[in-house]
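Q: Give me coordinates for this.
(one chain, ligands or ions: 1)
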Amino acid sequence: MSLHENLKLRHAVRFRQLQVLRTETLTPHMRRIVVGGEELDGFHSAAPDDHVKLFFPNAEGRIVTPEMGPDGPRYPQGVQPSPARDYTPRVHDAERSELTLDFVLHGDGVASAWAAAAQPGDTLVVGGPRASFVVADDYDTLAMFGDETALPAIARWLEELDPMVQARAFIEIADAGERQPLPPAPGVEVTWLERNGTDAATSTLLEDALRDFAAPLGETFYWIACESRRARTLRKLLEERPEVDSDSIRATGYWKAGPEG
Ligand SMILES: Cc1cc2nc3c(=O)[nH]c(=O)nc-3n(C[C@H](O)[C@H](O)[C@H](O)COP(=O)(O)OP(=O)(O)OC[C@H]3O[C@@H](n4cnc5c(N)ncnc54)[C@H](O)[C@@H]3O)c2cc1C
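A: Numbering: from 1, shown residues only. Okay, the predicted model is just below:
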């Protein structure tokens with residue numbers, strides 16, 4: 001059994017109505033949206049793999065959020081809920097009252113379309129984070145395997161990394177144009193895996209990298225985030241390794257391919 005104490009923290013949920021302050025094209029398929037406003041006061045994100053729930057306008061053009069009850073979020077009868085999607089709080093600057101979100105423009109979806117068209121002054125409602133998973137600080141290595149949707153979290157992991165911990169990051173992207181500068185640090189090795197035309201749902205670059213991966217000496221925490229089926233496959237590959245404790249794996253499906261994927 002693992003001796004490391006990974007913590008799951010719960011937070012009271014608040015919904016914040018924020019405005020787009022500015023946007024930035026990071027790569028051809030990644031757009032940065034910085035939001036802010038008075039309602040950001042008190043926002044806190046404790047861990048790099050936190051997520052917030054973003055609420056987008058419904059078909060009537062209104063943003064409708066749920067009420068939080070003892071059984072979780074509920075919508076009152078008769079209202080049309082807003083589409084909601086999970087995103088990583090990439091940077092929170094409390095002093096400037098700004099929250100940065102990085103969106104993959106994958107071309108087909110409410111969130112992707114909203115981000116592609118977002119302009120200063122647009123409204124976005126941000127809920128949460130509802131929980132934080134805080135990885136114990138006594139691992140020797142953090143090994144991360146993720147696609148572009150995981151890139152905001154991986155970048156945050158690397159920025160917030162304890163200098164005593166070494167990191168290995170395998171990041172699958174569409175092509176070389178999607179590479180982003182990441183914080184250079186001793187003990188950090190980043191490997192870009194470029195699909196160059198293969199579909200993100202059926203690529204096996206992360207799986208191949210994990211099969212070939214030999215953890216350095218010491219104890220390793222494994223963090224995985226990509227398409228759901230692939231995240232399950234990656235977890236299984238790790239579980240087949242007798243030296244890997246299941247408590248030292250966090251594998252999350254960040255998006256779900258359609259039936260054709
Ligand atoms: C904890 C967590 C954190 C996340 N953080 C981020 C983040 O910081 N940045 C980010 O960009 N994404 C992030 N994601 C992923 C994001 O929530 C999903 O990609 C989401 O489905 C996008 O919503 P959409 O409305 O654009 O598309 P949807 O309406 O959900 O899907 C429409 C179609 O697009 C496909 N699709 C969805 N996402 C992708 C994709 N990335 N590539 C290819 N096809 C896709 C679906 O299979 C579907 O066919 C995160 C997810 C989780 C669970």
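Q: What residues does the stretch 101-250 of the chain have near the ligand?
A: Applying Cβ under 6 Å from any ligand atom, one finds that the stretch 101-250 of the chain approaches the ligand through Asp102, Phe103, Val104, His106, Asp108, Gly109, Val110, Ala111, Ser112, Thr149, Pro152, Ala200. Where you see a C-beta, it was placed from the backbone N, CA and C, and this is true even at glycine.
Q: Can you give the domain ranges for the chain?
A: If the domains of the chain are taken from automatic domain parsing, they occupy 7-131, 135-255, with pieces of a single domain joined by a plus sign.
Q: So what's the residue count around the residue in the chain positioned nearest to the ligand?
A: Using Cβ to the nearest ligand atom, Gly109 is the residue of the chain that sits closest to the ligand, at 2.1 Å. The criterion is other Cβ atoms under 10 Å. On that basis, Gly109 has 16 neighbouring residues.
Q: Likewise for Gln19?
A: Every residue meeting other Cβ under 10 Å relative to Gln19 is counted, giving 15.
Q: Would you mark the buried spots in stretch 49-69?
A: Neighbour-count burial for stretch 49-69, counted by 16 or more other Cβ atoms under 10 Å, picks out 49-57, 63-66.
Q: Stretch 83-100 too?
A: Burial within stretch 83-100, assessed by neighbour count using 16+ other Cβ under 10 Å, is assigned to 83-92, 97-100.
Q: same thing with stretch 9-23?
A: Residues of stretch 9-23 classed as buried: Val13, Phe15, Arg16, Gln17, Leu18, Val20, Leu21, Thr23 (neighbour count, 16+ other Cβ under 10 Å).
Q: which of those has the weakest pLDDT?
A: Taking pLDDT as the measure, the buried residues of stretch 9-23 have their low point at Val13 (92).
Q: can you give me the end-to-end distance of stretch 147-163?
A: According to Cα to Cα, to the nearest Å, stretch 147-163 extends 24 Å from its N-terminal end residue to its C-terminal end residue.
Q: scratch that, stretch 192-202
A: The first residue of stretch 192-202 is 17 Å away from its last residue (Cα to Cα).
Q: ok, and what's touching that stretch?
A: Residues lying outside stretch 192-202 but in contact with it, judged by Cβ atoms under 8 Å, 6 or more residues apart in numbering, are 106, 147-148, 170-176, 178-179, 203, 205-206, 209, 226-227, 229-230, 257, 261.
Q: mind redoing it with 7 Å?
A: Outside of stretch 192-202, the residues that reach it under the criterion Cβ atoms under 7 Å, 6 or more residues apart in numbering are 147, 170-176, 179, 203, 205-206, 209, 227, 257, 261.
Q: quick one, strands of the stretch 101-250 of the chain?
A: Remark: strands assigned in the stretch 101-250 of the chain by DSSP state E, counting those that start in this stretch are 123-127, 131-134, 141-147, 166-173, 188-194, 220-227, 249-255.
Q: Reformat the ones you listed into JSON lines and put mean neighbour count, mean pLDDT and distance to Glu5 next to each item.
A: Written out in JSON lines, the entries for these read as follows (neighbours: other Cβ atoms under 10 Å; pLDDT from 0 to 100; distance: least, Cβ to Cβ, whole Å):
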{"stretch": "strand 123-127", "mean neighbour count": "21", "mean pLDDT": "97", "distance to Glu5": "28"}
{"stretch": "strand 131-134", "mean neighbour count": "16", "mean pLDDT": "96", "distance to Glu5": "9"}
{"stretch": "strand 141-147", "mean neighbour count": "24", "mean pLDDT": "98", "distance to Glu5": "16"}
{"stretch": "strand 166-173", "mean neighbour count": "23", "mean pLDDT": "97", "distance to Glu5": "20"}
{"stretch": "strand 188-194", "mean neighbour count": "16", "mean pLDDT": "97", "distance to Glu5": "24"}
{"stretch": "strand 220-227", "mean neighbour count": "25", "mean pLDDT": "98", "distance to Glu5": "12"}
{"stretch": "strand 249-255", "mean neighbour count": "19", "mean pLDDT": "98", "distance to Glu5": "14"}
